[in-house]
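Q: For reference, the sequence and a predicted model appear below.
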Amino acid sequence: MLKPSRARQIEALWIAIADILWRIGEKSKCSVVLPQDIVHIPQSHKYLQDGVTEKFEDDPGPGALLILYSAVLTRGISKIRTDLDDEKAYLVTGVEEGSHCIVTLLLTGRATPYLHNGVVYVGDEDHYAMPQFGILTRSEVGLLVWDEYTEGKCEESRQPGSRLKTPSLPVWVSSCTGHYGVLFNTNRELLRNYHAERRFDLHYYTCGGTHSLLSVDTRYNEDEMHAGSGKEDFSTAPPLEKLVHTKDTAIIAIL
């Protein structure tokens, strides 16, 4: 299953893109941006033509950019601005691999920067409580985040809640020290079977194509708890292991 033909890869890709756009369009509409020769955005003092954006064209093709444009137009620019919940927020920033808002847009259909479950009202004695709209429903594909600079100490709204940590499919987009990848198990029923979750494998692929096989075993922690030894110290664990621990407490071995 992990060695599909070129034709199967292309088929899986366009089906996935269609599903993403249809979800963003709330299953009623979607916009698809395609390359063409016509210049739509003239150069000005505010915009320097880059050969791609003004024509939506490049060789061999700016696929990721076209998907992003399609997602934004499908959602609607006004709704995107509302999702971001900050006049100074942007989808595309100086971060090389993109913001979490792009990920939430593609995974959930809303470009929210808040990763907690549901709606949380935030305020203080000097300000009215304002709603922060996080992840409103359980996601099909999850998101795990770990950053070496925050060590999990970032504000709670920026940490994935259970609707992202426990998706309906055993697939997680991962953001580990600012670099994106994907973790998955080939058994789609994994998260519906408690016994299967006690020991299982995870495949990890980075954007650069690196592959690792992780063996996750939660039974060790159960034994430790019964023995009364307390919580394990993972301060010296590698970043990828710390990332997996944000999902659940588990002992993993990288094979």
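A: The structure has been received and is ready for your questions.

Q: Just the CA trace of the longest helix belonging to the chain, in PDB.
A: When the chain is parsed with DSSP state H, its longest helix is helix 6-24. Provided in PDB are the C-alpha atoms of helix 6-24 (Å, rounded to 0.1, in the frame of the first residue of the first chain):
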ATOM      1  CA  ARG A   6       2.200   6.900 -10.400                       C
ATOM      2  CA  ALA A   7      -1.400   6.800 -11.700                       C
ATOM      3  CA  ARG A   8      -2.700   5.900  -8.300                       C
ATOM      4  CA  GLN A   9      -0.700   8.700  -6.700                       C
ATOM      5  CA  ILE A  10      -2.200  11.300  -9.100                       C
ATOM      6  CA  GLU A  11      -5.700   9.900  -8.500                       C
ATOM      7  CA  ALA A  12      -5.300  10.000  -4.800                       C
ATOM      8  CA  LEU A  13      -4.000  13.600  -5.000                       C
ATOM      9  CA  TRP A  14      -6.800  15.100  -7.000                       C
ATOM     10  CA  ILE A  15      -9.400  13.200  -5.000                       C
ATOM     11  CA  ALA A  16      -7.900  14.600  -1.800                       C
ATOM     12  CA  ILE A  17      -7.800  18.200  -3.200                       C
ATOM     13  CA  ALA A  18     -11.400  17.900  -4.300                       C
ATOM     14  CA  ASP A  19     -12.400  16.700  -0.800                       C
ATOM     15  CA  ILE A  20     -10.500  19.600   0.800                       C
ATOM     16  CA  LEU A  21     -12.100  22.200  -1.400                       C
ATOM     17  CA  TRP A  22     -15.600  20.700  -1.000                       C
ATOM     18  CA  ARG A  23     -15.200  20.800   2.800                       C
ATOM     19  CA  ILE A  24     -14.100  24.400   2.700                       C
END
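
Q: so how far is that helix from its chain's centroid?
A: Relative to its chain's centre, helix 6-24 lies at 17 Å (C-alpha atoms, centre = their mean, to the nearest Å).

Q: And stretch 204-215, by the same measure?
A: 16 Å.

Q: cool, and stretch 69-88?
A: On C-alpha atoms, centre = their mean, the centre of stretch 69-88 falls 17 Å from that of its chain.

Q: next one: stretch 114-127
A: 22 Å.

Q: Please, where are all the strands along the stretch 101-250 of the chain?
A: Here the stretch 101-250 of the chain has its strands, by DSSP state E, counting those that start in this stretch, at 119-124, 127-133, 142-146, 171-176, 179-184, 199-206, 211-217.

Q: of all these, which lies closest to R75?
A: Evaluated over those, closeness to R75 peaks at strand 127-133, with 13.8 Å, by C-beta to C-beta. Using the backbone N, CA and C atoms, a C-beta is placed for each residue, glycine as well.

Q: Okay, buried residues for that closest one please.
A: Buried residues in strand 127-133, defined by neighbour count with 16 or more other C-beta atoms under 10 Å: Q132, F133.

Q: if you average pLDDT over that strand, what comes out?
A: Averaged over strand 127-133, pLDDT sits at 85.

Q: Now do that strand against strand 119-124, angle only.
A: Counting by axes from the mean of the first three to the mean of the last three C-alpha atoms, to 10 degrees, strand 127-133 lies at 160 degrees to strand 119-124.
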